[in-house]
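Trainee: how does the following fold in three dimensions:
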Amino acid sequence: MKTALVAGGAGFIGSHLCEYLLKKNYKVFAIDCLVTGARKNIQHLIDNPNFSWIEHDITAPLFMNVSCDEIYNLASPASPVDFEKMPVYILKTGALGQMHLLELAKQNKARILLASTSEVYGDPLVHPQVETYLGNVNTLGIRGCYDEAKRFAEALSIGYKRMHGLQIRIARIFNTYGTRMRPEDGRVIPNFFTQALAKKPLTIYGDGKQTRSLCYVDDLVEGIYKLMQSSIDSPINLGNPQEITVLDIAKAVANTCGWKDYKTTFLPLPENDPKQRQPDITKAKKELGWEPKVSLEEGFKKAFDYFKAQ
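Mentor: Predicted structure coming up:
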């Protein structure tokens with residue numbers, strides 16, 4: 001039985017990963033400080049004898065007697081609403097948090113995976129985005145705290161690989177949605193579903209022609225696991241290459257909620273909000289044998305059931 005440590009284990013993606021690993025017969029330790037995670041996301045796992053929960057902030061050193069084979073770092077606030085509220089904390093999580101986990105990986109001779117982000121590409125000038133693209137990031141912008149935290153965490157991971165021979169994995173995650181997202185998350189899917197369910201006008205920033213590529217969380221978690229088991233130690237894109245405009249997302253969400261005559265309201269586009277988001281997943285398909293399977297229709301139905309229950 002392998003042992004995995006999941007930082008950010010009570011978060012949106014992290015809680016799904018814990019669940020997935022338990023089904024793979026892992027012993028799982030979830031670490032979370034609950035800044036954006038929630039106990040309810042892992043409540044159904046608490047009685048599993050192979051699951052342990054540790055409340056800890058990875059910006060502080062980790063003193064653990066637990067030996068682990070794999071470390072997954074999904075710990076970081078990742079929403080636009082967080083960028084304004086806690087920019088310094090996000091930077092510390094990317095820098096100190098990743099360093100503490102890398103040190104733990106070194107002590108345990110464990111393999112470590114960093115959940116990086118498509119945000120390392122900034123507002124891209126290359127489309128679709130390939131792993132070799134170096135990005136167009138505004139370090140001084142409102143999103144800079146998150147973009148640079150992840151870029152630094154990638155560089156730090158590569159540094160540990162070069163100096164200590166650490167086995168690292170870097171997943172550049174594109175727009176992901178699904179159950180256990182915070183309704184007040186601030187991203188397009190929770191915004192639209194909570195507004196549509198309340199029959200409030202859907203808020204569209206800019207003209208709505210900017211694009212996103214939406215991957216359902218179950219698909220993403222499978223990609224993360226496959227990457228960890230692979231021998232790829234360079235960044236790899238994980239996301240859905242199906243590109244869709246924000247206007248079309250609004251329409252699809254409203255239809256899923258049964259609101260045919262939905263209304264919209266338009267607000268200015270936030271600073272450095274990406275105009276286009278589409279991953280090139282050629283590398284993931286070739287090296288991991290992975291690509292998303294859940295259709296938007298199926299994923300939106302699951303999201304609808306979740307947000308309605310909330």
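Trainee: residue contacts, K285?
Mentor: E291 (C-beta atoms under 8 Å, 6 or more residues apart in numbering). Every C-beta, even on glycine, is put in place using the N, C-alpha and C of the backbone.
Trainee: quick one: the strands in the stretch 51-200 of the chain, in order.
Mentor: Shown for the stretch 51-200 of the chain, the strands assigned by DSSP state E, counting those that start in this stretch span residues 51-55, 70-73, 111-117, 168-173, 176-177.
Trainee: which one of those lies closest to D207?
Mentor: Using C-beta to C-beta as the measure, strand 176-177 is the one of the strands of the stretch 51-200 of the chain that comes nearest D207, at 22.0 Å.
Trainee: average pLDDT across the closest one?
Mentor: On average, the pLDDT along strand 176-177 is 98.
Trainee: can you list the strands that that strand pairs with?
Mentor: Strand 176-177 has the following sheet partners, assigned by DSSP bridges: strand 215-216 (parallel).
Trainee: tell me the helix or strand right after the strand it pairs with.
Mentor: The helix or strand immediately downstream of strand 215-216 is helix 217-229, counting by DSSP states H and E.
Trainee: now the helix or strand that that next one is followed by: how far from the chain's centre is it?
Mentor: Later in the chain than helix 217-229, the nearest helix or strand by DSSP H and E is strand 236-238. In terms of C-alpha atoms, centre = their mean, to the nearest Å, the centre of strand 236-238 is found 12 Å from the chain centre.
Trainee: what does strand 236-238 contact?
Mentor: Outside strand 236-238, the residues that touch it by C-beta under 8 Å, 6+ apart are 118, 129-131, 170-174, 215, 220, 223-224, 227, 279-281, 283-284, 287-288, 290.
Trainee: which residues in this protein form helices?
Mentor: 12-23, 80-85, 87-92, 98-108, 144-164, 188-197, 217-229, 246-256, 282-288, 296-309 (DSSP state H).
Trainee: among the contacts of strand 236-238, name the buried ones.
Mentor: Listed as buried from those are 118, 129, 131, 170-174, 215, 220, 223-224, 227, 279-281, 283-284, 288, 290; burial here means 16 or more other C-beta atoms under 10 Å.
Trainee: contacting residues for W53?
Mentor: Residues in contact with W53, defined by C-beta under 8 Å, 6+ apart, are G9, A10, F29, A30, D32, I42, L45, I46.
Trainee: can you check C68 too?
Mentor: For C68, the contacting residues are T3, A4, L5, F29, L104, N108, A110, by C-beta under 8 Å, 6+ apart.
Trainee: make JSON lines from the residues you listed and add distance to P235 to it.
Mentor: Output for those, formatted as JSON lines (distance: C-beta to C-beta, whole Å):
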{"residue": "T3", "distance to P235": "26"}
{"residue": "A4", "distance to P235": "21"}
{"residue": "L5", "distance to P235": "21"}
{"residue": "F29", "distance to P235": "26"}
{"residue": "L104", "distance to P235": "21"}
{"residue": "N108", "distance to P235": "23"}
{"residue": "A110", "distance to P235": "20"}
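Trainee: most neighbours, which of those residues?
Mentor: With neighbours defined as other C-beta atoms under 10 Å, the most crowded of the contacts of C68 is L5; it has 28 neighbours.
Trainee: mind checking pLDDT for the closest residue to R151 other than its chain neighbours?
Mentor: Of all residues not flanking R151 in the chain, V120 sits nearest, at 5.1 Å (C-beta to C-beta, 6 or more residues apart in numbering). V120 is assigned 97 on the pLDDT scale.
Trainee: likewise L96?
Mentor: Note for L96: predicted pLDDT of 98.
Trainee: quick one: residues contacting the closest residue to it other than its chain neighbours.
Mentor: Nearest in space to L96, with sequence neighbours left out and distances taken as C-beta to C-beta, 6+ apart, is T59 at 4.7 Å. Applying C-beta under 8 Å, 6+ apart, one finds that T59 lies in contact with Y89, K92, T93, L96, G97, H100.
Trainee: ok, F174 to Q210 distance?
Mentor: According to C-beta to C-beta, to the nearest Å, F174 and Q210 sit 14 Å apart.
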